[in-house]
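J.: I would like the atomic coordinates for the input below:
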Amino acid sequence: MRKAIVKLWLLVDPLYYWLTRLTYIGRYRKHPSNIFRVRLTRYKGKEVMLEDGTLIKKNDILVKIHLHNVRLINDFFHVKNDVKKAFYIYNVVKESLPGLATYVLTHKRSAEIKGIIGITTLNKGTKRLGFESVSIQNIFYKCIKMTTFLPIHLLSLSHPNFHNVVKQPIPKYIFMSKSRLISMYVRPPKPIRNLQRRERDVSS
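T.: Below you'll find the model as predicted:
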């Protein structure tokens, strides 16, 4: 049953992609190397001060990130250990962030982009990746997101049951400023890295 649902989801996913005006990050649309699908958005929530001093205000331009969930679930469908699944997702996201940083840095509206935003129930490990979690204050919106995340949550579990439904993780906003994204995930060319290393050696 779960396998049939995933196959059906794979069929309707292109329609979802079109309706939500998402953009793939990756060279080939049909075989994207990046797990993120993104679009620009104007922030409509309360002001958020990030750790590096970036203030996210109403109507600021952000890149909204969406995990390609059906691709993830299809990739690890036969993995029975939920810990291994979580570790797999963490590594896939980590490997995709450099591509996201390059996308933001080279976007035609890069100067206007303040950072990235997403909503996720996968809160463990987000801080190590550079994200900051912020609770969703609007109760109605939080309930909507919990409802939409529930099918994904159940399909991702090796042994879904009533206990898993009750213990569904609470969705939260995740933010990262553009400066942190670029400083963490954009690597300078090798000659520049070597020069920087020599300069550090001299100064020390």
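J.: what about Gly130, which SS state?
T.: coil (DSSP: H, G, I helix; E, B strand; the rest coil).
J.: pull out the buried positions in stretch 140-149.
T.: Buried residues in stretch 140-149, counting neighbours by 16 or more other C-beta atoms under 10 Å, are found at 142, 145-146, 149. All C-beta atoms are positioned from the backbone trio N, CA, C, and that covers glycine.
J.: actually, stretch 101-117.
T.: Those would be 101-104, 107, 113-117, for stretch 101-117 by 16+ other C-beta under 10 Å.
J.: nearest to Trp18 among the residues you listed?
T.: Closest approach between these and Trp18, by C-beta to C-beta: Tyr103, at 19.6 Å.
J.: give me the element that closest one is part of.
T.: Per DSSP states H and E, Tyr103 falls inside helix 82-106.
J.: cool, Val63 as well?
T.: Judged by DSSP H and E, Val63 forms part of strand 61-67.
J.: what residues does that strand touch?
T.: With contact meaning C-beta atoms under 8 Å, 6 or more residues apart in numbering, strand 61-67 is reached by 20, 22, 35-43, 56, 89, 93, 100, 103-104, 107, 109, 112-118, 120.
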